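Novice: Got a predicted structure here, sequence first:
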Amino acid sequence: MHKNKLLSALLLSSTLGAVAFGANAQDHHMYMGAGVGQSKVNEGSYDDRDTAFSVFGGYDFNQYFSVEAGYADLGNLKSNVGGPDLEATAPYIAAVGKLPINDKVSLYAKAGVNRWSLDDAAPSLTGTSDDSGTDPTYGIGVNYRINDKYALRGDYSRLKLGDMNVDMAQIQATFHF
């Protein structure tokens, strides 16, 4: 529980600091997007991949910082030894730091928290008898702006689900307004 409070306080202070930093920036934008790709788990008897989907929205405070919230469906991950399938979802919120390379391309890194949920508890993998929890998420990516409204992203994220790590690689499309 202490870890969750610390992560929440860190995210809140980062967000408030970015609001103050970006208050006089001219380039404020909201955005929304969706992605498709692959999730992967390699923990215990689970070594599987499945199709992963995500939807998200965010706010660009300036060209260097955004806050993003989303929902990731990590698919159906199967055990190699006949254990129960893991169907996982993870709503999340993250602070996103961006590094513009030129007018079209930027790199980004994100860190935040996710509220994961499994269809069934998996104590041997997650370290808890619960079927849900709150843990960190982080990732990196590259953003390519097609024009002022549309962009494509290559995103690689890691979501912690208790003691288990799930990696997700996606191609994402965003719409800015």
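Specialist: Nice, I can see it.
Novice: In the protein, what helix or strand scores lowest on average pLDDT?
Specialist: Taking mean pLDDT, DSSP states H and E as the measure, the chain has helix 2-21 as its least confident helix or strand, at a mean of 50.
Novice: Quick one: name whatever helix or strand follows that helix.
Specialist: For helix 2-21, the following helix or strand on the C-terminal side (DSSP states H and E) is strand 29-43.
Novice: Could you name the helices and strands sitting against the very next helix or strand once past that next one?
Specialist: Proceeding N to C from strand 29-43, the next assigned helix or strand is strand 46-62, under DSSP H and E. Applying 3 or more CB pairs under 8 Å, 6 or more residues apart in numbering; DSSP states H and E, one finds that strand 46-62 contacts helix 2-21, strand 29-43, strand 65-77, strand 164-176. The way it works is simple: take the backbone N, C-alpha and C, and place the C-beta from them, glycine included.
Novice: switch the cut-off to 6 Å
Specialist: When contacts are defined as 3 or more CB pairs under 6 Å, 6 or more residues apart in numbering; DSSP states H and E, strand 46-62 packs onto strand 29-43, strand 65-77.
Novice: Now stretch 43-55: buried residues?
Specialist: 43, 46, 48, 50, 52-54 (16 or more other CB atoms under 10 Å).
Novice: and the helices and strands packed on strand 46-62, which is most packed in?
Specialist: Most buried of the helices and strands packed on strand 46-62, by mean neighbour count (mean count of other CB atoms under 10 Å): strand 65-77, with a mean of 21.
Novice: Does anything pack onto the helix or strand just after that one? Which helices or strands?
Specialist: Following strand 65-77 in sequence order, the next helix or strand is strand 86-100 (DSSP H and E). Helices and strands touching strand 86-100, by 3+ CB pairs under 6 Å, 6+ apart, are strand 65-77, strand 105-118.
Novice: same thing but at 8 Å, please
Specialist: Secondary-structure packing of strand 86-100 (3+ CB pairs under 8 Å, 6+ apart): helix 2-21, strand 65-77, strand 105-118, strand 132-145, strand 150-161.
Novice: These: which one's closest to Gly37?
Specialist: strand 150-161 (7.6 Å; CB to CB).
Novice: and that closest one, how far from the chain's centre?
Specialist: 6 Å (CA atoms, centre = their mean, to the nearest Å).
Novice: What count of nearby residues applies to Gly112?
Specialist: Neighbours of Gly112 under the rule other CB atoms under 10 Å: 24.
Novice: again with the one 5 residues further on
Specialist: A count of nearby residues for Ser117, using other CB under 10 Å, gives 15.
Novice: Show me what it is bridged to.
Specialist: Thr89, Ser132 (DSSP bridges).
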